[in-house]
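>>> got a predicted model here, sequence first, then my questions.
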Amino acid sequence: MSWLEDVFKVKKPVIAMCHLQALPGDPRYDCEKGMPWVIEKARADLLALQRGGVDAVMFSNEFSLPYLTKVEPVTYTAMARIIGELKKDITIPHGVNVLWDPMASIDLAMATDAYFVREIFTGVYASDFGLWNTNAGEVIRHQYRLGAQKVKLLFNIVPEAAVYLGGRKFEDIARSTVFNNLPDALCVSGLTAGAETDSSTLKSVKTVAGDTPVFANTGVRLSNIEQQLSVADGAVTGTTFKKDGKFFNPVDEARVKEFMDKVKEFRKTL
């Protein structure tokens, strides 16, 4: 687990999501408010997350609904502008996730000095976005061509809003993903953002992952954080930090602090 403590400086890190408002080209983008409003909303959420004590932040185009599996250039260029304008405010390690385009995520990571990327790198799925295919070999070769070897790749092996084509068990998928792709970490998700990660799936993946860290990727909240971190090596969380725990709401600093205080108490038992 050395790279986790190397990057995050703690055991069992909590990566908080900074969900960006709809961007130019997205159906919900507000042309009247424009990019300055999107940037200020992102800044407010970032500062609330940092004051609340999270260990890292991951910027994602979460409100670019419905998602594309190959995004338009305007999406990641807009994200680069936002992160660039927030750079002076970022005091913790940051990562990026361009939903759902691994190439664009790695490009954005390089452009913004991100430490890590979370993506769907492997598998073929029947999804809400249609037939969803991937090419991990192509993506990782792209990473190396860019000289982005230091960017950690978090493989989401239980994708949201999708199901694997084929009847393989998640532990078999985890085992072969680790062998074939040497991921820096595996992420285990629920059905959608905010949906709890199934604890039995989390345990089965952890059992076969060996030295590869495993993150609980969705639905981690105050009521289950100790249970999830007793199995997982870290957590990625977003919705629970929002006002009233609602996906589309802004970050609530008090909820972040309450959550992170509980995490810090749990770490004392490790």
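All right, it came through fine.
>>> going forward, measure contacts between C-alpha atoms and count neighbours the same way
OK.
>>> could I get stretch 80-96 in CSV with only the CA atoms?
Provided in CSV are the C-alpha atoms of stretch 80-96 (Å, rounded to 0.1, in the frame of the first residue of the first chain):
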residue,chain,number,x,y,z
ALA,A,80,-8.8,22.0,-17.7
ARG,A,81,-9.7,25.7,-17.5
ILE,A,82,-11.7,25.1,-14.3
ILE,A,83,-8.9,23.2,-12.6
GLY,A,84,-6.3,25.7,-13.8
GLU,A,85,-8.3,28.6,-12.3
LEU,A,86,-8.6,26.6,-9.0
LYS,A,87,-5.0,25.5,-8.9
LYS,A,88,-4.0,28.2,-6.3
ASP,A,89,-6.8,27.0,-4.0
ILE,A,90,-6.0,23.3,-4.2
THR,A,91,-4.1,22.3,-1.0
ILE,A,92,-4.5,18.5,-1.2
PRO,A,93,-3.7,15.8,-3.8
HIS,A,94,-6.2,16.0,-6.8
GLY,A,95,-7.3,13.6,-9.5
VAL,A,96,-9.6,13.7,-12.4
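>>> and the one residue sitting closest to the centre of the chain, which of the three is it?
In the chain, the residue lying closest to the centroid (CA atoms, centre = their mean) is R118, at 4.9 Å. Three-state assignment for R118 (DSSP: H, G, I helix; E, B strand; the rest coil): strand.
>>> how about the nearest residue to it once chain neighbours are set aside, what does it touch?
Excluding the flanking residues, the one nearest R118 by CA to CA, 6 or more residues apart in numbering is L154, at 4.5 Å. By CA atoms under 8 Å, 6 or more residues apart in numbering, the contact set of L154 is 116-119, 183-187.
>>> ramachandran coordinates for L154?
Note on L154: its backbone torsions stand at phi -100, psi 110 [degrees, to the nearest 10].
>>> look up how far Y115 lies from it.
Separation of L154 from Y115 (CA to CA, to the nearest Å) stands at 11 Å.
>>> next, the buried residues of stretch 213-223.
Buried residues in stretch 213-223, defined by neighbour count with 16 or more other CA atoms under 10 Å: 213-222.
>>> quick check: the two most widely separated of these?
Farthest apart among these by CA to CA are P213 and L222. That separation is 21.7 Å.
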